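Enquirer: Sharing a model prediction with you, sequence too.
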Amino acid sequence: MVKKPVEQFEVNENKEADLQVVSKNAAKTVYETKGLNLWYGEKHALKNIDLEINQNEVTAIIGPSGCGKSTYLKTLNRMVELVPTVKTTGEILYRERNILDKKYEVEELRTRVGMVFQKPNPFPKSIYDNIAYGPRIHGIKNRKLLDEIVEKSLRGAAIWDEVKDRLHDNAYGLSGGQQQRICIARCLAIEPDVILMDEPTSALDPISTLKVEELVQELKKDYSIIIVTHNMQQAARISDKTAFFLNGEVIEYDDTNKIFSNPKDQRTEDYVSGRFG
Ligand SMILES: Nc1ncnc2c1ncn2[C@@H]1O[C@H](COP(=O)(O)OP(=O)(O)OP(=O)(O)O)[C@@H](O)[C@H]1O
């Protein structure tokens, strides 16, 4: 009788592979929002949000003005709590820990989660000092090490070649598109895990926009990116997943190509086809 050791081995190997897939998927979730509600005073701005955000993906948040996109983004680094009237319920798990728990140190969160804003906001300092700012705050004083971080971050933000000969010039002397990439480099210098972007190209010209979009595609190899955008073509071009928000609710969340080509909800279809918003 012929034994079947190979088949047996194959079965075992598959089981192991299955287990690996399961554990890999578990590690892939960077944020899990569960039943999140947020009020600004009486205004119920986020309603029962459930969203899972994956690692090394670009997640786009779209929806008409006032639907809660920026508010949701700002809950992810707890910036929203700077507004004194804010009240939240529910959970936001970041790497499996609830960041809304008062015991969670917000400083720790901000070293893991960087943010890029709509309007480029470099500090009124040299290009070099803009990038070295975060590492210096974290106690790095060694000049050689700072030089390395500055170069690596500027390269990572695809702006090194444009500024390498003027590192000690004021960042205000750069164009808007260059300033935005300096802000992205400043974010990379703290070696974050996640980058939040709130309409990062809305103040930029088309060429700078394209550069930032290409950069986002490049950065997702190393980071997880969540981007709020009004520009639906941009969401379709650069994101893996898209969440459509309306009146504080997530109406639909799916692979970007499904949201744009075959949405399940009529309201999503109406929005992505430009019928309102
Ligand atoms: N600081 C605040 N105090 C009170 N209400 C606020 C505050 N910030 C936002 N809101 C309200 O919460 C709702 C959601 O606002 P949010 O800025 O998150 O929307 P958005 O989708 O990002 O809009 P836009 O696309 O215009 O930037 C809006 O009704 C807004 O007026």
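Expert: Thanks, I have it.

Enquirer: Show me where the stretch 101-250 of the chain has its helices.
Expert: With DSSP state H, counting those that start in this stretch, the ranges of helices along the stretch 101-250 of the chain come out as 106-112, 127-137, 143-156, 160-163, 176-188, 206-219, 232-238.

Enquirer: Buried residues in the third one, which are they?
Expert: I take that to be helix 143-156. Neighbour counts over helix 143-156 (16 or more other Cβ atoms under 10 Å) mark 146, 149-154, 156 as buried. Just so you know, the C-beta spots here come from the backbone N, C-alpha and C atoms, and that holds for glycine as well.

Enquirer: Report the inter-axis angle for it versus helix 127-137.
Expert: Helix 143-156 runs at 120 degrees relative to helix 127-137, counting by axes from the mean of the first three to the mean of the last three Cα atoms, to 10 degrees.

Enquirer: How far off centre is helix 143-156?
Expert: How far helix 143-156 lies from its chain's middle: 22 Å, per Cα atoms, centre = their mean, to the nearest Å.

Enquirer: Next: the fourth one.
Expert: The chain centroid and the centroid of helix 160-163 are separated by 24 Å, computed with Cα atoms, centre = their mean.

Enquirer: For it, name the packing helices and strands.
Expert: helix 143-156, helix 176-188 (3 or more Cβ pairs under 8 Å, 6 or more residues apart in numbering; DSSP states H and E).

Enquirer: closest to residue 114 out of those?
Expert: Proximity to residue 114 (Cβ to Cβ) singles out helix 176-188 among the helices and strands packed on helix 160-163, at 3.5 Å.

Enquirer: which other helices and strands contact that closest one?
Expert: Using 3+ Cβ pairs under 8 Å, 6+ apart: helix 176-188 touches strand 113-116, helix 127-137, helix 143-156, helix 160-163, helix 206-219.

Enquirer: Sketch out the low-pLDDT regions of the stretch 1-150 of the chain for me.
Expert: 1-27 (pLDDT under 70).

Enquirer: one more time with 90, if that's ok
Expert: 1-28, 102, 138 (pLDDT under 90).

Enquirer: which bits of this structure sit near the ligand?
Expert: For the chain, the contact set with the ligand under Cβ under 6 Å from any ligand atom comprises 40, 43, 45, 63, 65-71, 83.

Enquirer: In this structure residue 86 contacts residue 42, no?
Expert: No: in this structure, residue 86 is not within contact of residue 42 by Cβ atoms under 8 Å, at 12.0 Å.

Enquirer: returning to what we had before: point out the most buried one among the helices and strands packed on helix 176-188.
Expert: Mean neighbours per residue, mean count of other Cβ atoms under 10 Å, is largest over the helices and strands packed on helix 176-188 for strand 113-116, with a mean of 23.
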